[in-house]
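> Okay, here's the prediction I keep looking at, along with the sequence it came from:
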Amino acid sequence: MLDDFFVRALLVGIGMALVTGALGCFVVWRRLSFFGDTLAHSALLGVTLSYTTEINMALSVFVISSIVALILLKLQKKTNLPADALLGLLAHSSLAIGLVVIGLLATIRFDLMGLLFGDILAVNVNDIAVVWIGGAIILIVLKIIWKPLFASTVNYELAEAEGMNPEKYNAIFTILLAAIIAISIKMVGLLLITGMLIIPAAMARNLSDNPNQMVIFSIIGGLLSVIIGLFASLEINTPSGPSIITSGLILFILSLTKIKKKSQLNN
Amino acid sequence: MTNKNDTLVKLDNAGVLVNDKWLVRGVSLEIKKGKIITLIGPNGSGKSTTAKITLGLYKNIEGKVEKFTDKIAYVPQKINIDWTLPIRVNDFMNLTSTLKNNDIDSALEITGTPHLKNKDLKSLSGGEFQRVLMARAIAKKPELLVLDEPVQGVDFNGEIALYELIKKISDTLNCGILLISHNLHVVMSKTDHVVCLNGHVCCSGTPIDVANNEKYQELFGKDISKILSVYEHSHDHIHKIDGTIEKKEN
């Protein structure tokens, strides 16, 4: 069964959607969309690192993204620049450095398009293992830190005053984010990974009135996007990563009709 | 003297320097089980800062803070909830601890908000939200309760009811309470200790001591300082600003 490229793609996509659905809610709640983008951009540097040193790609992306995240946290404390400016600075400079390094390694040729947009149809059994084991670890950690992370998302001071140590859990969450980007970059690419985090969560927000419900809807939305997107790409021969994101967008647009009904009832 | 074990938190000469400016400096106070400490002082005198030092929200402080309890509940002066979060009152009640449903219900009952339990937090009015914040703190059954201007924005009768509620919490939970008063001249009758701040501790003591203190009178003017009035929870009358007494309507 795993011989079939389509089944492999489905398995990887489903594993990824389970994690991005849950983490994506926190990305939306904490207004970290641009932060996710920054981490994804810096992933290019991680990819080139893996080509030069022959370290596993997911691992090198994870390391580079985590370092960029930590630099950001330091810069936020040290400078007076607003967060979005710092994020832009880090996103574009790490992307540029990545491209410069690629230029220097003129002997190595690799598929830049695949890197930017991913190629979920090219995953192997090894990738499935990385996504499912890595994903399981991320979800378990998220489950463990859920309460303090959620409390510090709602209100940092309140969480800190009542002993929830928000600084620690924010840092752990950042690392989880770097991890999901690392394990899914090959599938949807560095330009589309933030879409997988944000779009299902945004859709879920339209449909839910409490946090747990939003996480469940977000995961379901992510799963549907993967399944619909992959089948569509098979049927009408469109690129798979972008098809998944487009399916997510369609689900989001459908969810808008639901809030519309709600507000009409309220009026 | 009281048993050392009764002390919940102790500030020793504490101060915070932010951007080369002392927000507050040289504050020493001790909060004990079952006692109510009220902080008063003008705007910018460091009341909220003192509360935050007590809660350990500042990383770099001068002096020392010793905490002897982890069971803390905080009702902040302002709270910004990001409305991208779908969150109901019930979820909010369980924010920093997992509470029993009974405790949630009775806390909402006491603060007059049981009908809000399944409402979206963002649909609440300012006053309702203030009550829910209070309910959350009560339901946690803390040993130390820090209330930063809990009666802010509450109408006069609501204010009295809130002071009565605070007294009730103090009695039933036997917790230590640090209360920041938004009103310079009003502290509740049950207050054991008043600390008057003005960037530093201007004076402190029992409400009567503070009212009669020269520095307090200097800070707020002799005429005004006379009216450090005291809410008596069991009173059937109200002490008015001009010193007259008005019968309380029921």
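Here it is on my side, so go on.

> list the buried ones in the longest helix anywhere in chain B?
Looking across chain B with DSSP state H, the single longest helix is helix B:156-173. By 16 or more other Cβ atoms under 10 Å in any protein chain shown, the buried positions in helix B:156-173 come out as B:158, B:159, B:160, B:161, B:162, B:163, B:165, B:166, B:167, B:169, B:170, B:173. Where you see a C-beta, it was placed from the backbone N, CA and C, and this is true even at glycine.

> Am I right that residue B:179 is in a helix?
No. Secondary structure of residue B:179 (DSSP: H, G, I helix; E, B strand; the rest coil): strand, not part of a helix.

> What's opposite it in the beta bridge?
residue B:38, residue B:147 (DSSP bridges).

> ok, which stretches of the chain are helices?
Because you didn't say which chain, this covers chain A. With helices called from DSSP H, chain A shows them at A:5-29, A:33-53, A:57-78, A:83-104, A:112-117, A:125-154, A:156-161, A:166-188, A:193-207, A:211-236, A:240-266.

> actually chain B
B:47-55, B:89-93, B:101-110, B:126-139, B:156-173, B:207-212, B:214-220, B:222-225.

> on that earlier part again, ok, the buried residues of helix B:156-173 vs residue A:169, which is closest?
residue B:173 (28.2 Å; Cβ to Cβ).

> How about that closest one: what's its closest non-neighbour residue?
Nearest non-adjacent residue to residue B:173, counting by Cβ to Cβ, 6 or more residues apart in numbering or on different chains: residue B:141, 5.9 Å away.

> So residue A:41 is in contact with residue A:92, correct?
Yes. Counting by Cβ atoms under 8 Å, residue A:41 does reach residue A:92; the two are 7.1 Å apart.

> More neighbours: the two, which one.
residue A:41 (25 against 13; other Cβ atoms under 10 Å in any protein chain shown).

> Quick one, grab the pLDDT at that one.
pLDDT for residue A:41: 87.

> Over to residue A:156?
At residue A:156, pLDDT is 88.

> So in terms of bridging, what pairs with residue B:201?
In this structure, residue B:201 bridges to residue B:197 when assessed by DSSP bridges.

> Next, the contact list for it, please.
B:26, B:27, B:28, B:29, B:195 (Cβ atoms under 8 Å, 6 or more residues apart in numbering or on different chains).

> Which residue, other than its chain neighbours, is closest to residue 205?
With no chain named, the answer covers chain A. Residue A:205 sits nearest to residue A:214 (Cβ to Cβ, 6+ apart), 6.0 Å away.

> other chain: chain B
Nearest non-adjacent residue to residue B:205, counting by Cβ to Cβ, 6+ apart: residue B:194, 6.6 Å away.

> ok, back up a step: can you lay out the contacts of residue B:201 as TSV showing neighbour count and pLDDT?
Formatted as TSV, these follow (neighbours: other Cβ atoms under 10 Å in any protein chain shown; pLDDT from 0 to 100):
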residue	neighbour count	pLDDT
B:26	15	89
B:27	27	91
B:28	14	90
B:29	19	90
B:195	23	90
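
> Please narrow those residues to those residing in strands.
Counting by DSSP state E, the part of the contacts of residue B:201 found in strands is B:26, B:27, B:28, B:29, B:195.

> Domain ranges for chain B, per the record?
B:4-71+B:144-247, B:81-141 (automatic domain parsing).

> hmm, back to that, now the longest helix of chain B and helix B:101-110, what's the angle there?
150 degrees (axes from the mean of the first three to the mean of the last three Cα atoms, to 10 degrees).
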